[in-house]
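Student: I'll drop the sequence and a predicted model, then ask my questions.
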Amino acid sequence: MTDTRRSFVLRVTRDLREFYGEKSEEMFAFADDNDVTRVHAVIRGPKDTPYEKGFFYFVFTFPTDYPLRPPKVTFMTTDANRVRFNPNLYACGKVCLSILGTWSGPEWTPCQTLFSTLLSIQSIMNEKPYRNEPGFESYDNQSEIDKYNAFIAHETLRVAVIGMLWTPTADATNIPLILRDVMIASFKQNYRYFEDTIKSRLEMDGQTVSDPFGDYSQPSFQYKELLHRLRTLKEKYEISDELRVVSIRDDPLAKEYFEILSKTVTQSMKRELKPVCDEVLDFEDFDESESLSEYEEESESEENEITL
């Protein structure tokens with residue numbers, strides 16, 4: 001491994017350690033089995049938004065000069081490139097954020113990390129995504145905002161929940177099994193919410209969909225069909241009506257992910273990590289008491305642990 005590749009691989013590995021240290025139950029990440037610089041991430045849609053509890057899947061590809069340049073981020077939850085979930089999340093997979101160099105505004109800096117980038121993406125999944133469209137930041141036509149929210153909420157259930165767990169699914173074909181298990185665990189814990197939400201909207205079935213930012217191929221809401229498919233998944237995953245809602249980290253399916261998270265955090269606590277700062281080249285947590293060979297050996301060991 002060249003010095004250049006070693007440096008950026010170590011920085012990506014460090015980003016993963018920082019991310020795991022946050023112990024998030026709303027965002028999940030895991031490196032590709034064969035390449036730690038390709039990271040898969042799932043953001044669970046924020047509460048009180050039309051994205052609530054949906055599974056939004058992204059793939060990060062880090063360039064060899066990271067963190068001098070941002071990662072490439074591809075949005076995968078698109079119903080095979082048919083659904084645009086946000087003015088900033090395109091059906092083609094493009095993620096429009098200034099820090100990623102895909103939109104105007106504040107640019108990327110080496111201080112940014114995997115975690116901060118995921119937070120930025122999560123922030124655009126807000127309660128009024130209509131206002132994410134340039135020029136509509138102060139848009140106050142509540143009727144149009146509500147119509148767009150209704151479209152997003154329907155597609156969250158259809159594509160980002162049921163679609164992400166349906167087999168086969170083009171959107172989640174390459175997602176690591178460990179993240180798929182986390183999604184299934186979350187689905188089980190929130191099944192009652194999904195069913196109650198669909199039932200509360202059955203009167204909308206057949207009504208015309210309003211999507212001002214995309215070429216929507218389905219002309220009407222399909223809540224009756226969604227309820228049928230949801231119950232099919234309930235049978236598949238043997239979800240009991242008496243299921244007690246607990247933290248996702250307590251579900252056996254998510255056990256492996258949170259064990260790796262815990263192990264990585266514990267390993268990181270043994271070494272004092274310097275905060276990522278404006279000093280671009282100072283992004284390796286090098287302990288001067290170690291020899292270079294000892295440091296490289298330990299870092300490679302941590303990299304392997306993250307990709308287990």
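Tutor: All right, it came through fine.

Student: list the buried ones in stretch 122-142?
Tutor: Buried residues in stretch 122-142, counted by 16 or more other Cβ atoms under 10 Å: 122, 124-126, 128-132, 136. Using the backbone N, CA and C atoms, a C-beta is placed for each residue, glycine as well.

Student: In the protein, what helix or strand scores lowest on average pLDDT?
Tutor: Least confident helix or strand, the chain: helix 292-306 with a mean of 52, by mean pLDDT, DSSP states H and E.

Student: wait, S220 sits on G206?
Tutor: Yes - at 5.1 Å, S220 and G206 qualify as touching, with contact defined as Cβ atoms under 8 Å.

Student: so Q207 touches P219, yeah?
Tutor: No - between Q207 and P219 there is no contact under Cβ under 8 Å: 9.7 Å.

Student: In terms of neighbours, single out the busier of these two.
Tutor: With neighbours defined as other Cβ atoms under 10 Å, Q207 and P219 compare such that Q207 has more, 14 against 9.

Student: Would you mind measuring from K199 to P67?
Tutor: K199 sits 47 Å away from P67 when distances are taken as Cβ to Cβ, to the nearest Å.

Student: can you check F58 too?
Tutor: Taking Cβ to Cβ, one finds F58 at 18 Å from P67.

Student: again, but for P176
Tutor: P176 is 23 Å from P67, by Cβ to Cβ.

Student: Please identify which of these two sits among more neighbours.
Tutor: P67 (24 against 19).

Student: would the more buried one count as being in a strand?
Tutor: No - using DSSP: H, G, I helix; E, B strand; the rest coil, the assignment for P67 is coil, not a strand.

Student: Could you point out the longest helix of the protein?
Tutor: Taking DSSP state H as the criterion, the chain has its longest helix at helix 3-21.

Student: Quick one: list the elements packing against the helix or strand following that one.
Tutor: As assigned by DSSP states H and E, the chain's next helix or strand after helix 3-21 is strand 27-32. If contacts are counted by 3 or more Cβ pairs under 8 Å, 6 or more residues apart in numbering; DSSP states H and E, strand 27-32 sits against helix 3-21, strand 35-44, helix 114-123, helix 177-189, helix 255-269.

Student: Tally up the residues packed near F221, please.
Tutor: The burial count for F221: 23, using other Cβ under 10 Å.

Student: now swap in R38 and tell me
Tutor: For R38, using other Cβ under 10 Å, the count is 17.

Student: Check N174 too.
Tutor: Applying other Cβ under 10 Å, I find that N174 has 12 neighbouring residues.

Student: Quick one, grab the pLDDT at it.
Tutor: N174 carries a pLDDT value of 94.

Student: Spatially nearest residue to Q207, not counting backbone neighbours?
Tutor: Distances taken as Cβ to Cβ, 6 or more residues apart in numbering put F221 closest to Q207, at 5.3 Å, once the chain neighbours are dropped.

Student: dump the residue contacts of the one you found.
Tutor: Neighbour list for F221: 150, 154, 201, 204-207, 209 [criterion: Cβ atoms under 8 Å, 6 or more residues apart in numbering].

Student: And S186, how far from D79?
Tutor: In terms of Cβ to Cβ, S186 sits 20 Å off from D79.

Student: of the two, who's got more company?
Tutor: S186 (24 against 20).

Student: Contact partners for that one?
Tutor: So S186 contacts 44, 53, 55, 248, 254 (Cβ under 8 Å, 6+ apart).

Student: Which of those ranks first by neighbour count?
Tutor: F55 (28 neighbours).

Student: so where's the protein shaky on pLDDT?
Tutor: 1-4, 215-218, 268-308 (pLDDT under 70).

Student: can we see that at 80?
Tutor: Within the chain, the ranges that satisfy pLDDT under 80 run 1-6, 134, 136-138, 213-219, 243-246, 267-308.

Student: For E242, give me its contacts.
Tutor: Applying Cβ under 8 Å, 6+ apart, no residues contact E242.

Student: my bad, R69
Tutor: Applying Cβ under 8 Å, 6+ apart, we find R69 in contact with 63, 101, 108.

Student: related to what we said a few turns ago, farthest pair in the buried residues of stretch 122-142?
Tutor: The widest separation within these, taken as Cβ to Cβ, falls between Q122 and F136 and amounts to 20.3 Å.
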